[in-house]
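A.B. asks: Coordinates only, no sequence provided:
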């Protein structure tokens, strides 16, 4: 076979192989799920063999895919390193920050202006992504994540804030005897986590439910649209609580998880990273201060 392999398809394959998910690869690449599938198919056609085994909604690397990924991972890591070394040093401090989508949209983005006013010499470039991430190959300085997965032994982790959760919705939704419960695929056990942490009885079988929403932020949007009640993170709903658009009559409780900042090197070795770390801790604490009780067990 003399056909050259398409470089863009190789890049899409490498990201999809890292994620083991075409949907997450699409989010990282800012393209559609269909675009990822087409690029993978183009590469498989060029090679004449399958690279992924597709089972229902999940994908797994075939032996050939494993061999190719070993090469593409090294290739793109070397490419990212070379490009980084070629770029001239910037006179201002720039940080590339990866943040979980719901936290980014509902908490961090509305506060980027405040960070810029406090630190005008630091430019933040925000990427929205969740779960594991190869910081070096992605060119990310700091990743903000919930500590609900294993990120390996090579990253430095600093705790930002404990997670506090509780049911939220329109006031009219809580007036119903059995409010509709909204669920999400990205936090499938959210209601059970809250019931356990708040020492609430198991869910009432009479309470209507909806099919799960694909993302956490969609369940919160649905709650704000009056479709039912959702389990919300206090940080992600604090602005709407303050504005009176949502209510949380049961308050918030710790669910045992926390938000962390991940980096390749200790934060105190990079003044910009250290400044971001301190700002994140302060801003998260201020967002939740009105709505949580530190005496809650």
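C.D. replies: Sure thing, it's come through. All of these numbers come straight from a predicted model, not from anything done at the bench.
A.B. asks: residues contacting the closest residue in space to residue 171 that isn't next to it in sequence?
C.D. replies: Using Cβ to Cβ, 6 or more residues apart in numbering and skipping residues adjacent in sequence, the residue nearest residue 171 is residue 247, 4.8 Å away. Backbone N, C-alpha and C define where each C-beta goes, glycine included. Contact analysis of residue 247 by Cβ atoms under 8 Å, 6 or more residues apart in numbering lists 168-171, 174, 241.
A.B. asks: Beta-bridge partners for residue 247, please?
C.D. replies: For residue 247, the beta-bridge partners are residue 169 (DSSP bridges).
A.B. asks: Show the pLDDT at it.
C.D. replies: Residue 247 carries a pLDDT value of 96.
A.B. asks: ok, now how distant is it from residue 222?
C.D. replies: Note on residue 247: its distance to residue 222, by Cβ to Cβ, to the nearest Å, is 15 Å.
A.B. asks: In contact with residue 5, which residues?
C.D. replies: Counting by Cβ under 8 Å, 6+ apart, residue 5 touches 43, 46-47.
A.B. asks: give me that answer again for 7 Å
C.D. replies: Residue 5 sits next to 43, 46 when contact means Cβ atoms under 7 Å, 6 or more residues apart in numbering.
A.B. asks: The one 4 residues further on too?
C.D. replies: Under the criterion of Cβ under 7 Å, 6+ apart, the neighbours of residue 9 are 39, 42-43.
A.B. asks: Now it: which helix or strand?
C.D. replies: Using DSSP states H and E, residue 9 maps to helix 7-19.
A.B. asks: cool, residue 74 as well?
C.D. replies: helix 63-86.
A.B. asks: What's the first helix or strand after that helix?
C.D. replies: strand 93-99.
A.B. asks: burial measure for the closest residue to residue 138 other than its chain neighbours, as a count.
C.D. replies: Nearest residue to residue 138 in three dimensions, chain neighbours excluded: residue 98, at 6.9 Å (Cβ to Cβ, 6+ apart). Each residue near residue 98 was counted by other Cβ atoms under 10 Å, and the total is 23.
A.B. asks: Residue 98 is in contact with residue 140, isn't it?
C.D. replies: Yes - counting by Cβ atoms under 7 Å, residue 140 is a contact partner of residue 98 at 4.6 Å.
A.B. asks: Show me whatever sits in contact with both of the two.
C.D. replies: Residues touching both residue 98 and residue 140 by Cβ under 7 Å, 6+ apart: 127, 133.
A.B. asks: mean confidence score for stretch 67-86?
C.D. replies: Stretch 67-86 comes out at a mean pLDDT of 86.
A.B. asks: An error on my part: the question was meant for stretch 133-145.
C.D. replies: Across stretch 133-145, pLDDT averages out at 91.
A.B. asks: How about stretch 20-36?
C.D. replies: Stretch 20-36 comes out at a mean pLDDT of 88.
A.B. asks: in a helix, that's where residue 236 is, yeah?
C.D. replies: Yes - under DSSP: H, G, I helix; E, B strand; the rest coil, residue 236 falls within a helix.
A.B. asks: I'd like the distance between it and residue 215.
C.D. replies: 12 Å.
A.B. asks: Quick check: neighbours shared by the two?
C.D. replies: Counting by Cβ under 7 Å, 6+ apart, the common neighbours of residue 236 and residue 215 are residue 102.
A.B. asks: Counting neighbours, go ahead and name the busier of these two.
C.D. replies: Set residue 236 next to residue 215 and count neighbours by other Cβ under 10 Å: residue 236 wins out with 22 against 18.
A.B. asks: so what's the more buried one up against?
C.D. replies: The contact partners of residue 236, taken as Cβ under 7 Å, 6+ apart, are 102-103, 106-107, 220.
A.B. asks: With residue 143 instead?
C.D. replies: Residue 143 sits in contact with 98, 133, 135, 262, where contact means Cβ under 7 Å, 6+ apart.
A.B. asks: so how far is whichever strand or helix holds it off the chain centroid?
C.D. replies: Element membership for residue 143, per DSSP H and E: strand 142-146. How far strand 142-146 lies from its chain's middle: 8 Å, per Cα atoms, centre = their mean, to the nearest Å.
A.B. asks: Could you do stretch 257-268 as well?
C.D. replies: 15 Å.
A.B. asks: For the residue nearest to residue 245 when sequence neighbours are not counted, give me its contacts.
C.D. replies: Excluding the flanking residues, the one nearest residue 245 by Cβ to Cβ, 6+ apart is residue 224, at 6.3 Å. By Cβ under 7 Å, 6+ apart, the residues touching residue 224 are 240, 245-246.
A.B. asks: Out of those, who's the most crowded?
C.D. replies: Highest neighbour count within the contacts of residue 224: residue 246, with 22 neighbours (other Cβ under 10 Å).
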